[in-house]
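In: sharing a model that was predicted from the sequence below.
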Amino acid sequence: MAGGGEAEAEAAALEFTPTWIVAAVCSVIVLLSLVAERFLHRLGKTLKKKNQKPLYEALLKVKEELMLLGFISLLLTVFQGKIQQTCIPAGWTDHMLPCQRLDDKAGEVGATKEHFVAPGILGRIGRRLLSEGGAAAEHCQKKGKVPLLSLEAIHQLHIFIFVLAITHVIFSVTTMLLGGAKIHQWKLWEDRIQKDDAGNGPKKLRHLEQFEFIRKRFKGIGKDSIILSWLHSFGKQFYGSVSKSDYATMRLGFITTHCPANPKFDFHRYMVRVLEADFKKVVGISWYLWAFVVIFLLLNVNGWHTYFWIAFLPLLLLLAIGTKLEHVIAQLAHDVAEKHSAVVGDLVVKPSDDHFWFGRPRIVLYLIHFILFQNAFEIAFFFWILTTYGFNSCIMGQVRFIVPRLVIGVTIQLLCSYSTLPLYAIVTQMGSCYKKEIFNEHVQQGVLGWAQKVKMRKGLKGAASANEGSKNDTDSAGPSVKIEMATTTAEEDSEAVGNTE
C-alpha cells in the first residue's frame, strides 16, 4: 500500500506530468485571462470615449476587486502548507459544524478523513488530496491531532470567495441597468416640464387641494394621519413609487433652493450623473462586508438555519428604506400644507437633511450597498453549495428553507431595481446640500482646481505666519500647527465652492 501511495504521489507531481499537458493547461488559462483583460480594456476605452467617467471609475473599481481576489487566492496558496501543518486537538472540531458528522465507525483514520471533507465529496468530485495534504494529515495524526484546514477545504474557499465577488458585481451592474432604465423613463417628464414652462402665463393664486402632489401625498394633521401616512408610504413603494407630480414638485424644489438663477436646469441629467457617481461606491466590497461574510461563516452551524433567517435581513432593510424614502416625499407635502392653505404660482417644497435618518441622506447609499452585497452573498452561497456539494447536501438544507431563500432573493433584486433605486436617485436630492455633479465635467475640474490652488495659497500663508508667530516655540509644535491650518483652509474652501456634499 505504501509503495502504491508513493507511486501515486510521483505521478501527481509536476515533474512527472507530460509537458504537453502542462503547456495545454497553461495555454487555456492564459488565453482566458487575456480575453477577460482585453474585454475590460475595450469596455474602459468605450466608456471614456462616450465621456462616461463615473462608469469608467466603477470599472476600475471592479478591476481593483479582482486584483484583491487574486491576492487573497495567492495568500491562500502560499500559506496552505502552513495552514495544513497547523495542528489542533481533535475535540475542537466537534463543535459548530455546518453538517452533523456520521458515526465514526471506520476508526481514527475515518474520523480524520471526516474532518478533511464533507461526506461524499471525494466520491463526487473524483479528486484525491495532493501528497502534501496527506503528509500534513500524517504529521498531525502522529501528534494525536488534526490539521486546522484541509487542502480540499482551502480549494473550496478559493472558489467561494471568487464566486461571491463576481456575483456581487453582476448583481450590482444588473440593478444599476434595470434601475437606470426605469429612471430613463423620467426623461419624458423632464422634457415636458421644460416645454410647458416656456409657455407659462401669469401666476395665479391656487388652493393646495388643486395640486395633485398635495392630494396624493398629504394625509392630514394629527396622530392618526401620521400612522396613515407611514402605512401609505409602505404600500406606495410597490406601485408607482414616483409619479409625475412627485417628480415635478421635487425638481422645482431643488432648482428653487440650489440654482434659482437657472430655471431651465436639467434636473434629470444631474440626477443620473449623481447615480453614476454613487455606483462606483456600490460596486466595491468594503471591509465591513467582508466582516459580514466572516460572521456568517462562523454562525453557519448545523441546526441553526442561519442561511435562511439571514435572508430576511436585506428584505426588511429594503422595505424600511423604501418606506422611509416615500415618507420623505410625504413629509415635504406635509411641511407645505402645514404652513399654507394657498400659494401663488407653483408649489415649492423645501429640501432639508432633517427628513433623513440622523440628518444624513448618505446613509441610504451604504444600506443599499449592504443589501446588494448580502443578496448577492445569498445567491452565490446557494449556487456554490449546489455545484460543490449537490442539492441534497446537509449544508443546502431542506426544500422548505431553500425555496423561500430564492424567492426572497428575486424579490429583493426586482424591488431594489424598479422601486428603491429610482426612489434613492430622486429623494436623496431633497437634502440640504447638492453634489459636485451639478456642474459638468469641465466646470468640476475648473472649480476643484481653483479650490486646490486657494488651499495651497492659504496653507503657505498660514504656515508662514505660524512660523513667524512661533519662533520661540519648540520645533515639534510646527507640524501640528500646519496640520490645523490645512484642515481649516480645507473647510473654508468647501464653503467657498458652494453648499455641496
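Out: Great, that's in hand. Numbers count the residues shown, from 1 in each chain.

In: every contact and neighbour count from this point should use C-alpha atoms.
Out: Fine.

In: can you tell me how far Glu37 sits from Leu372?
Out: Here Glu37 is placed at a distance of 25 Å from Leu372 (C-alpha to C-alpha, to the nearest Å).

In: the more surrounded of the two?
Out: Leu372 (23 against 13; other C-alpha atoms under 10 Å).

In: in space, what's closest to that one - neighbours in sequence excluded?
Out: Ser172 (6.5 Å; C-alpha to C-alpha, 6 or more residues apart in numbering).

In: how close does that neighbour get to Ile214?
Out: Using C-alpha to C-alpha, Ser172 is found at 35 Å from Ile214.

In: same thing with Ala277?
Out: Distance from Ala277 to Ile214, by C-alpha to C-alpha: 32 Å.

In: do Phe439 as well
Out: According to C-alpha to C-alpha, Phe439 and Ile214 sit 31 Å apart.

In: can you map out the helices along the stretch 301-450 of the chain?
Out: Assigned by DSSP state H, counting those that start in this stretch, the stretch 301-450 of the chain shows helices spanning 306-309, 312-339, 362-388, 399-415, 421-427, 441-469.

In: so for Lys187, which of those sits nearest?
Out: For those, the distance to Lys187 is smallest for helix 421-427, at 12.7 Å, taking C-alpha to C-alpha.

In: what's that closest one packed up against?
Out: Packing contacts for helix 421-427, counted by 3 or more C-alpha pairs under 8 Å, 6 or more residues apart in numbering; DSSP states H and E, involve helix 151-184, helix 244-258, helix 267-282, helix 312-339.

In: what is the rounded mean pLDDT of it?
Out: The average pLDDT within helix 421-427 is 87.

In: how about residues contacting it?
Out: The contact list for helix 421-427 (C-alpha atoms under 8 Å, 6 or more residues apart in numbering) reads 176, 179-180, 182-183, 241-242, 247, 250, 271-272, 274-275, 322, 325-326, 328-329, 364-365.

In: with stretch 309-316 instead?
Out: For stretch 309-316, the surrounding residues in contact (C-alpha under 8 Å, 6+ apart) are Phe370, Ile371, Gln374, Asn375, Glu378, Arg405, Ile408, Gly409, Ile412.

In: farthest pair within the residues you listed?
Out: Among these, the pair separated by the greatest distance (C-alpha to C-alpha) is Phe370 and Arg405, at 17.2 Å.

In: related to what we said a few turns ago, hang on, the residue nearest to Leu372 packs against Val282?
Out: Yes - assessed by C-alpha atoms under 8 Å, Ser172 is found in contact with Val282 at 7.2 Å.

In: which of these two has more neighbours?
Out: Ranked by neighbour count (other C-alpha under 10 Å), Ser172 and Val282 place Val282 first, with 25 against 22.

In: ok, the more buried one touching His369?
Out: Yes - at 5.1 Å, Val282 counts as touching His369 under the criterion of C-alpha under 8 Å.

In: re earlier: now tabulate the helices and strands packed on helix 421-427 in a markdown table and tack on distance to Leu69 and mean pLDDT.
Out: Converted to a markdown table, these look like this (distance: least, C-alpha to C-alpha, whole Å; pLDDT from 0 to 100):
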| stretch | distance to Leu69 | mean pLDDT |
| --- | --- | --- |
| helix 151-184 | 7 | 81 |
| helix 244-258 | 41 | 88 |
| helix 267-282 | 17 | 82 |
| helix 312-339 | 24 | 88 |
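
In: just how off-centre is stretch 46-54 within its chain?
Out: Distance, stretch centre to chain centre, for stretch 46-54: 22 Å (C-alpha atoms, centre = their mean, to the nearest Å).

In: could you do stretch 412-426 as well?
Out: 14 Å.

In: swap in stretch 287-299?
Out: Taking C-alpha atoms, centre = their mean, one finds the center of stretch 287-299 at 14 Å from the center of the full chain.

In: for stretch 299-306, same thing?
Out: How far stretch 299-306 lies from its chain's middle: 25 Å, per C-alpha atoms, centre = their mean.

In: please apply the same query to stretch 424-437.
Out: Distance of stretch 424-437 from its chain centroid, counting by C-alpha atoms, centre = their mean, is 19 Å.

In: ok, stretch 227-239 next?
Out: Relative to the centre of its chain, stretch 227-239 is centred 26 Å away, using C-alpha atoms, centre = their mean.

In: ok, residues contacting it?
Out: With C-alpha under 8 Å, 6+ apart, stretch 227-239 has contacts from 217-219, 319, 322-324, 326-327, 330, 415, 419-420.

In: quick one: low-confidence parts of the stretch 351-500 of the chain?
Out: Where the stretch 351-500 of the chain drops to pLDDT under 70, the residues are 397, 440-451, 459-500.

In: and Cys140, what does it touch?
Out: Contacts here follow C-alpha under 8 Å, 6+ apart; on that basis Cys140 touches Gln85, Thr86, Cys87, Val146, Pro147.

In: how about a cut-off of 10 Å?
Out: Gln84, Gln85, Thr86, Cys87, Ile88, Pro89, Ala90, Thr112, Val146, Pro147, Leu148 (C-alpha atoms under 10 Å, 6 or more residues apart in numbering).

In: of the residues you listed, which belong to strands?
Out: Using DSSP state E to define strands, the subset of these located there is Cys87, Ile88, Pro89, Val146, Pro147.

In: quick check, nearest of those residues to Leu31?
Out: Pro147 (36.2 Å).

In: ok, the residue nearest to that closest one when sequence neighbours are not counted - contacts?
Out: Once flanking residues are discounted, Pro147 sits nearest to Cys87: 4.5 Å by C-alpha to C-alpha, 6+ apart. For Cys87, the contacting residues are Ala136, Ala137, His139, Cys140, Gln141, Lys143, Gly144, Lys145, Val146, Pro147, Leu148, Leu149, by C-alpha under 10 Å, 6+ apart.

In: mind doing that once more with 8 Å?
Out: Residues near Cys87 by C-alpha under 8 Å, 6+ apart: Cys140, Lys145, Val146, Pro147, Leu148.

In: most neighbours, which of those residues?
Out: Counting neighbours by other C-alpha under 10 Å, the top entry in the contacts of Cys87 is Val146, with 29 neighbours.

In: look up how far Val173 lies from it.
Out: 43 Å.

In: same deal with Leu386?
Out: Applying C-alpha to C-alpha, the value for Leu386 to Val173 is 24 Å.

In: with Arg215 instead?
Out: 37 Å.

In: these two: who's more crowded?
Out: Applying other C-alpha under 10 Å to Arg215 and Val173 shows that Val173 carries more neighbours, namely 16 against 12.

In: returning to that earlier point: format the contacts of Cys140 as TSV; extra columns: distance to Phe312 and pLDDT.
Out: Below are those laid out as TSV (distance: C-alpha to C-alpha, whole Å; pLDDT from 0 to 100):
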residue	distance to Phe312	pLDDT
Gln84	36	77
Gln85	39	79
Thr86	37	82
Cys87	38	84
Ile88	36	81
Pro89	37	83
Ala90	35	78
Thr112	37	42
Val146	37	81
Pro147	35	80
Leu148	32	80
